[in-house]
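> what's the 3D shape of this:
(2 chains)
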Amino acid sequence: MKKLAMLLACAAAFALPLAASAQDAAGTTKKDSYRFVVVPKVVHPWFDKVNEGAQAAAAAIKAQTGSSVEVIYSAPQSADVVQQNQIIDSALATQPDGLALDLLDPSGNRASLEEAQNQNIPLVIFDSIPPEGMAIPYIGSDFCEQAKIAARRLVEVLGGEGEVAIMQGVPTAPNHSIRAECHRQVFAEHKGIKVVAEGIDNDSIETAQQQAAAIMQANPNLKGWVASDAAGPIGIGQAIVEAGKQGKVTLVGLDNLPEMLDMIRDGVADSSSASQPELQGYWSVMLLWAQATGAKVPGYLDTGNAFLTKENVGG
Amino acid sequence: MQTSSTQTSAVAHLARSPLAGVFVALAVIFTLSALISPYFLTPYNLSVIARGLAFVGLITIAQSMLMVLGELDLSLGVIGGLCGVISGILMVRLGVEPYSAMLLAILLGACLGLLNGLLVTVLRLHSLVLTIGTAGIFGGANLVLTRGVAITGIPRDVHYLGRGDLLGIPVPFLIMLVALAFATFVMLKTPFGRYMYAIGNNQAGARMLGIKVDKIRLLVFGVAGAIAGLAGVLMVARLGTAQPSIGETWVLAPIAASVIGGVATTGGIGSPIGAIFGAGIIAIIENIIVLFGVSPYWQGIVSGAIVVLAISFDAISRRYLRRDA
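Numbering: from 1, shown residues only, chains lettered A, B, ... in the order given. Below is the predicted model:
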């Protein structure tokens, strides 16, 4: 009997550390419910698609694990970093299990991100890049490559010659400024291409339309447009139609909002180089959940780009 | 018997106070938020509200001073943004000592406010219309200077003014309280303040009484500009960058806050304290919308409805308190 007791005690002594290590192993922490907050740049249809992806990920986690997952989508009413920080700070007060953000300006958002890290709240950045020196996983497509696909297409359609214009989105937003810069790089490689104007639309279709109309007035020989955000090409397309320049001015758009797809179908736009917002939302939540379970996550996750033309956007 | 009469006198005093309604509305919204959300009363969340309130609060103080005079300055937010950018340029590009740069930027704010005041008083222009124009000029200057790109590398020495806490209270909130105390003292306890109300009530009458109307209006425009500049440089300290977008959302909220707080747009009525109560209501609404996870598409309806309820509650409670007194 004593031997049996001794044997059981020894087995228990060996089992305890094993059990403990299993409990601490990466990705094994489990909760019954998770609450994640998604904060985009601004209220915008592109971010609605991000939200759709985020909600799909929540449903998938619930279906696979049984844990309930709530995704709260909280967007600034305008693309203003002060307003975005206020939302982030208020969201942190609710102690969420993770925060997914599209930064309006990494340096301007830094203080709020540092506060999140101080509170040990898992972070993921989508459609943007982390502030310099901050280790935060981020998700997105290669913004530069996305822009270069569009700019190269425009050069190809114009036969390597003509006056072109670039529409910037929010100049302080890194993804927008990277795209604008990469458009410039491609055009600089072609001597026959001349960038005659650049507009700033601040991610607003209305502003993009106004800017594009004014730029086309001032530059009657303008042959083509590229944009750096999703709102830009929609406003440019409206301006092209209103100015009666359809077929005379070529638009190569960006992203895959329904209006963009309609413009490709209607022949207002030649094509579009599209990031995939649903995937960015989906994987943002997946990476937040993985961090909440204690798993290690990649520093960068590429959701890729798609090139949309009349042939592949469907009826 | 004496206690009862003291209580009656306290209620009468409260009822007579123009701040009674907005204070009760603020207290109700605060209490309801605390009851509904478990996160609302946490020290961190209260500091988030206070820090957010500080910046809009400064512009609200400035706007309410002008509104008491019967004026409106729609360029105050843009002045704040331009001063923030100028302080960034002075610190980062020109190497000016950070605190001196901030002071110079505040001085610039005073000058821009004075410019508005000069155009209003000398050319007899309507301040609302004029400042729509000057807001365009100041905002345009901001874009010319920055090309829409934030100025980074603000020295860490000054971050404390925007991000720091003193005894758990955010520093910008304390600065806002000092500005509020100053404005309230001047407006309620000095002859200068009484002249402001006299001008707001009846400008022609004030002139006939020998009050130097234009001088006082000019000075208040200048002070308002300086306060807007202070808000701008504090926001630069808060963000750690000089953002060209600073001040873009500081246009309508301070006017709404002042009106909620009992400041009449026609002049002569109200005080900065009431306006700050109004700003407090707006700040709490913005906070609870996030705490409750309200959909961004419903936020406008929810915040608008709460403001309407607050104003209605203010009017009803004032009527009720008067009757009770």
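> Give me the most central residue, the chain.
Here I'm looking at chain A. In chain A, the centroid-proximal residue (C-alpha atoms, centre = their mean) is A:Asp127; its distance is 2.4 Å.
> wrong chain, I was asking about chain B
Nearest residue to the geometric centre of chain B (C-alpha atoms, centre = their mean): B:Thr60, 1.5 Å.
> Could I get the phi/psi values of that one?
Note on B:Thr60: its backbone torsions stand at phi -60, psi -40 [degrees, to the nearest 10].
> Skipping its backbone neighbours, what lies nearest it in space?
Nearest non-adjacent residue to B:Thr60, counting by C-beta to C-beta, 6 or more residues apart in numbering or on different chains: B:Pro254, 4.1 Å away. No exception for glycine: its C-beta is placed from N, CA and C like everyone else's.
> For that neighbour, give me its contacts.
B:Val56, B:Ile59, B:Thr60, B:Ala62, B:Gln63, B:Ser64, B:Leu76, B:Gly77, B:Ala275, B:Ala279 (C-beta atoms under 8 Å, 6 or more residues apart in numbering or on different chains).
> So which bits of chain A are right by chain B?
Proximity of chain A to chain B (C-beta under 8 Å from any C-beta of the partner chain) is limited to residues A:37, A:43, A:72-83, A:85-87, A:89-95, A:105, A:107-108, A:110-111, A:168, A:170-172, A:177, A:200.
> and the residue nearest to A:Ala75 when sequence neighbours are not counted, how many neighbours?
Sequence neighbours aside, B:Pro296 is the residue nearest to A:Ala75 in space, at 3.9 Å (criterion: C-beta to C-beta, 6+ apart). Counted by other C-beta atoms under 10 Å in any protein chain shown, the residues lying close to B:Pro296 total 21.
> Over to A:Thr28?
Around A:Thr28 there are 12 other residues, counting by other C-beta under 10 Å.
> Enumerate the residues of chain B near chain A.
Checking chain B against chain A by C-beta under 8 Å from any C-beta, the hits are B:39, B:42, B:44-45, B:48, B:51-52, B:55, B:147-150, B:152, B:159, B:163, B:235, B:238-241, B:243-246, B:248-249, B:286-287, B:290-291, B:293, B:295-297, B:299-300.
> Can you flag the buried ones in those?
Listed as buried from the residues of chain B next to chain A are B:39, B:45, B:48, B:51-52, B:55, B:148, B:150, B:152, B:159, B:163, B:235, B:238-241, B:243-246, B:248-249, B:286-287, B:290-291, B:293, B:296, B:299; burial here means 16 or more other C-beta atoms under 10 Å in any protein chain shown.
> so what's the backbone phi/psi at the residue of the stretch 101-250 of chain A found nearest chain B?
Closest contact between the stretch 101-250 of chain A and chain B, by C-beta to the nearest C-beta, is at A:Pro171 (3.5 Å). With angles defined as degrees, to the nearest 10, A:Pro171 sits at phi -60, psi -30.
> which residues sit in contact with it?
Contacts of A:Pro171 (C-beta under 8 Å, 6+ apart): A:Ser177, A:Ala180, A:Ile200, B:Arg147, B:Gly148, B:Val149.
> Let me know whether the last one touches A:Thr172 as I believe.
Spelled out, that is B:Val149. Yes. With contact defined as C-beta atoms under 8 Å, B:Val149 counts as touching A:Thr172 (6.0 Å).
> Now for those two: what residues contact both?
Shared contacts of B:Val149 and A:Thr172 (C-beta under 8 Å, 6+ apart): B:Pro244.
> quick one: low-confidence ranges for the stretch 101-250 of chain B?
Scanning the stretch 101-250 of chain B for pLDDT under 70 picks out no residues.
> Name the residue of it that lies nearest to chain A.
For the stretch 101-250 of chain B, C-beta to the nearest C-beta, closest residue to chain A: B:Gly148, 3.5 Å.
> Can you point out the helix or strand that includes that residue?
If you go by DSSP states H and E, B:Gly148 is not part of any helix or strand.
> any idea which helix or strand carries B:Pro38?
Judged by DSSP H and E, B:Pro38 forms part of no helix or strand.
> The stretch 201-315 of chain A: helices as residue ranges?
Assigned by DSSP state H, counting those that start in this stretch, the stretch 201-315 of chain A shows helices spanning A:205-218, A:231-242, A:258-266, A:277-292.
> ditto for the stretch 101-250 of chain B
Using DSSP H, counting those that start in this stretch, helices in the stretch 101-250 of chain B cover B:127-146, B:159-163, B:171-189, B:191-201, B:203-208, B:213-239.
> repeat for the stretch 51-200 of chain A
Under DSSP H, counting those that start in this stretch, the stretch 51-200 of chain A gives helices at A:81-92, A:106-118, A:143-157, A:174-188.
> and for the shortest one, what are the contacting residues?
So that's helix A:81-92. Against helix A:81-92 from outside (C-beta under 8 Å, 6+ apart): A:37, A:39, A:41, A:72, A:74-77, A:99, A:101, A:104-105, A:108-109, A:111-113, A:115-116, A:119, A:121, A:172, B:44-45, B:48, B:51-52, B:55, B:235, B:239, B:243, B:245-246, B:249, B:286-287, B:290-291.
> And that helix, how far out from the chain middle?
18 Å (C-alpha atoms, centre = their mean, to the nearest Å).
> and the angle for it with helix A:106-118?
10 degrees (axes from the mean of the first three to the mean of the last three C-alpha atoms, to 10 degrees).
> Please identify the buried residues of helix A:81-92?
A:Val81, A:Val82, A:Gln83, A:Gln84, A:Asn85, A:Gln86, A:Ile87, A:Ile88, A:Asp89, A:Ser90, A:Ala91, A:Leu92.
> now swap in the second one and tell me
For helix A:106-118, burial by neighbour count (16+ other C-beta under 10 Å) applies to A:Pro106, A:Ser107, A:Gly108, A:Asn109, A:Arg110, A:Ala111, A:Ser112, A:Leu113, A:Glu115, A:Ala116.
> Please could you give me each C-alpha atom of that helix, formatted as PDB?
Extracted C-alpha coordinates of helix A:106-118, given in PDB (Å, rounded to 0.1, in the frame of the first residue of the first chain):
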ATOM      1  CA  PRO A 106       1.600  56.800 -36.800                       C
ATOM      2  CA  SER A 107       3.500  59.600 -35.000                       C
ATOM      3  CA  GLY A 108       0.300  61.400 -34.000                       C
ATOM      4  CA  ASN A 109      -1.200  58.100 -32.800                       C
ATOM      5  CA  ARG A 110       1.900  57.000 -30.900                       C
ATOM      6  CA  ALA A 111       0.800  58.200 -27.400                       C
ATOM      7  CA  SER A 112      -2.400  56.300 -27.600                       C
ATOM      8  CA  LEU A 113      -0.600  53.100 -28.800                       C
ATOM      9  CA  GLU A 114       1.900  53.400 -26.000                       C
ATOM     10  CA  GLU A 115      -0.900  53.600 -23.500                       C
ATOM     11  CA  ALA A 116      -2.400  50.400 -25.000                       C
ATOM     12  CA  GLN A 117       0.900  48.700 -24.700                       C
ATOM     13  CA  ASN A 118       1.200  49.900 -21.100                       C
END
